[in-house]
Every structure is written in structure tokens, then in C-alpha cells.
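Participant: Below: sequence and its predicted model.
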Amino acid sequence: MDRLNVLVWHIHGSYLNALARVDHNWILPVKAGRPEGYGGRGATFDLPANMREVPAAEVRHLDLDVVVLQTPRNLREDALELLSHEQQRLPTLYLEHNVPRPDAVNTRHPFADEPGLLVHVTRFNQLMWDNGPRPTRVIEHSVALDPGITYKGTIARGISVVNGMQARPRIAGYDLFLLARSKVPLDAVGMGTETFGGLGEVPYRELHQLTARYRFLFSPMRYTSLPLAVVEAMSIGMPVVALGTTALPDVIQDGVNGYISTDPDVLVERMKALIADPELAHALGQRARETARQRFGLDRFRAEWNDALHAAIELETGQAPAPVGLRR
């Protein structure tokens with residue numbers, strides 16, 4: 001398949017880490033000081049060479065095939081600032097990571113009336129957003145982890161991996177985390193967690209070596225898409241205890257490949273059971289790993305992204321792009 005030149009902003013580092021494994025030329029705009037969206041390759045990720053940084057001011061001079069937007073700011077400000085008039089007419093794909101806010105069912109998507117292809121990361125997202133007349137599709141998550149990392153579970157504690165949990169307390173379930181921590185041994189990792197006794201931010205390349213030692217992952221998220229931390233944990237064979245909201249009821253079967261409930265007290269009892277029974281934890285983790293292998297594998301992710309990028313081009317131009325080597 002032809003390699004495309006794709007402009008994309010650094011919005012979600014973990015997702016970007018998987019996206020870099022899709023075999024195209026990914027262009028990351030950067031600015032002095034690395035403000036939000038312009039962090040480039042980032043300091044904590046080991047991205048392959050096909051994802052390269054370009055100064056934001058030079059983007060308008062590049063030979064691009066597709067523009068991938070991910071935020072309203074990308075759509076309304078960044079693209080207008082960085083792209084030439086000709087580039088602003090390029091095939092465009094909007095990747096939506098998040099659930100609708102402030103209203104869960106009546107929020108119109110910012111890309112709903114724009115030309116291009118709207119891609120959601122879960123069917124839950126696609127269902128909840130008002131997508132308007134836009135063509136939409138779903139490309140579920142994948143993760144690119146060190147294949148040598150496997151679940152050990154030797155630390156008889158749970159861990160939550162959430163950035164800025166206390167900054168969005170209801171959405172991220174900060175109150176549920178504190179409640180659970182008062183009843184079972186539980187740690188937290190992620191940006192800002194050190195302010196409430198957590199471990200703080202850990203570089204992505206080291207994160208899963210750390211979490212693999214814990215007995216289980218606890219996801220307290222009330223309202224989000226599908227926490228990538230859950231996909232990562234399942235991929236290394238780690239059992240997950242999660243609030244039964246978001247897209248997780250479509251991923252975790254209670255008592256089969258993890259535990260899921262909307263009752264925090266039930267979740268606490270499940271955590272206690274896992275801490276007391278390492279064999280149970282390993283059995284759930286193995287089934288979780290098989291679910292992740294079947295559902296969130298990189299081969300599927302690559303194929304669906306290839307198809308979506310070319311669909312965006314065909315939607316705009318009615319034809320596939322010329323190979324890079326034949327362009328002027």
C-alpha cells in the first residue's frame with residue numbers, strides 16, 4: 001500500500017505510540033517550548049523513525065496527503081494557522097478520542113458539518129455523539145508494548161493509572177479511588193498523583209514494567225471513552241477491576257476476564273479477593289490477555305487505519321493518491 005504523508009498533532013501520547021506503527025510518514029508539528037499539541041515525539045516514548053518532527057512554520061511547505069485532526073482547537077485554530085490555502089483543502093480525518101461533553105447525548109460533534117471522515121475510538125463514542133451527516137467509522141484501540149513485559153502480580157496491591165485524576169474528580173472517579181484506597185492497598189501513577197500520595201508520572205517506556213508487578217489494575221473512570229490503561233493492562237495479562245461504565249462493559253466479562261460493576265462496594269470485595277488469591281489473579285489475567293490479543297491487536301489496528309486514511313482521500317478526491325516517488 002502506498003505510503004502517505006500524514007500531518008498529526010501530539011494529543012494523546014499512548015495512542016500516538018500505537019499510531020506510529022501504522023506504516024506511513026507521520027508529521028508532528030513542533031513549536032518552541034513544546035506547548036500543548038506541539039510536543040512532537042515526546043521524551044517518554046520510543047517512537048519509530050517514520051514519525052518525525054517538523055517546525056510548525058514549515059508545515060505549509062510540505063507535500064501532505066492527509067490531515068488528522070483530534071481536537072476542536074486542531075480544527076478551528078491549528079489547521080488554519082499551519083496549513084496553506086491549498087493544504088486546507090486536503091483530505092481530512094477527525095479522530096475523536098473522547099465522549100461528548102457537556103451533554104452525554106445531545107452534544108453535536110464539532111466535525112459534524114465539516115467535509116471529511118469522522119473516526120471514533122469506540123462504538124460507545126460513536127453512539128453517544130451527535131455525528132450529523134458525516135461519514136463515521138470506529139477504529140478500536142491498540143497498544144504498542146514491549147513484548148517482553150508480562151504480568152507478575154508479586155506486589156499484593158492494586159494500582160490505578162490516571163493522569164490528573166484530582167483535576168477532574170467526578171469524571172476520573174477520584175472519589176471512588178480514595179474510597180477504595182481506604183479499604184484495600186492501592187497506589188496511583190500518573191501526572192499529579194504525587195499530590196495525594198501517588199507515585200507521580202512514570203515514563204511510558206518504564207510504566208508497564210512497574211504496573212506488571214502489581215496484583216491488579218483498578219479503573220475508577222466514570223465517564224470516558226475506553227481507558228488505554230485498561231487495554232495496556234489486559235495486553236500484558238493483568239487482571240482489571242473496573243467501574244462498569246464507558247465502553248468497558250463491551251470489553252470485560254465480569255468474573256471471566258476481569259471484574260466490572262457499578263457498585264463500588266462490590267469492586268472493593270473483588271479487589272480483596274485478588275489480593276488474597278494470586279492464582280485467581282493470574283487466571284483472570286490470562287483470559288484478559290487473550291481478549292486483548294483478539295480485540296486490540298496491532299495487525300487489525302494497522303489495517304483499519306490504512307483503510308480509513310485511504311477512505312478519507314477517496315471521500316475528498318474520488319481517487320487514490322499517486323505514490324510518493326512519482327510526485328513532483
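Facilitator: Looks like it came in fine. Numbers count the residues shown, from 1 in each chain.
Participant: So what's the residue count around residue 29?
Facilitator: The number of residues packed near residue 29 is 23, by other C-beta atoms under 10 Å. All C-beta spots, glycine's among them, are computed from the backbone N, C-alpha and C.
Participant: meant to ask about residue 2, not that
Facilitator: Neighbours of residue 2 using other C-beta under 10 Å come to 16.
Participant: And the helices in this protein?
Facilitator: For the chain, the helices defined by DSSP state H occupy 13-19, 72-73, 79-82, 123-128, 169-172, 174-181, 204-211, 228-235, 264-276, 278-295, 298-317.
Participant: most packed of the ones you listed?
Facilitator: helix 228-235 (a mean of 26; mean count of other C-beta atoms under 10 Å).
Participant: Could you name the helices and strands sitting against it?
Facilitator: helix 13-19, strand 155-161, helix 204-211, strand 214-219, strand 240-243, helix 278-295 (3 or more C-beta pairs under 8 Å, 6 or more residues apart in numbering; DSSP states H and E).
Participant: Parallel or antiparallel, list what pairs with the second one.
Facilitator: For strand 155-161, sheet partners with direction are given as strand 186-189 (parallel), strand 214-219 (parallel), following DSSP bridges.
Participant: related to what we said a few turns ago, reformat the helices and strands packed on helix 228-235 as CSV; add distance to residue 132.
Facilitator: Shown next, in CSV, are the helices and strands packed on helix 228-235 (distance: least, C-beta to C-beta, whole Å):
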stretch, distance to residue 132
helix 13-19, 24
strand 155-161, 34
helix 204-211, 35
strand 214-219, 31
strand 240-243, 30
helix 278-295, 29
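Participant: Please tabulate these in TSV, including the columns mean pLDDT and distance to residue 47.
Facilitator: TSV is the format used below for the helices and strands packed on helix 228-235 (pLDDT from 0 to 100; distance: least, C-beta to C-beta, whole Å):
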stretch	mean pLDDT	distance to residue 47
helix 13-19	91	7
strand 155-161	98	20
helix 204-211	92	10
strand 214-219	98	24
strand 240-243	97	26
helix 278-295	97	22
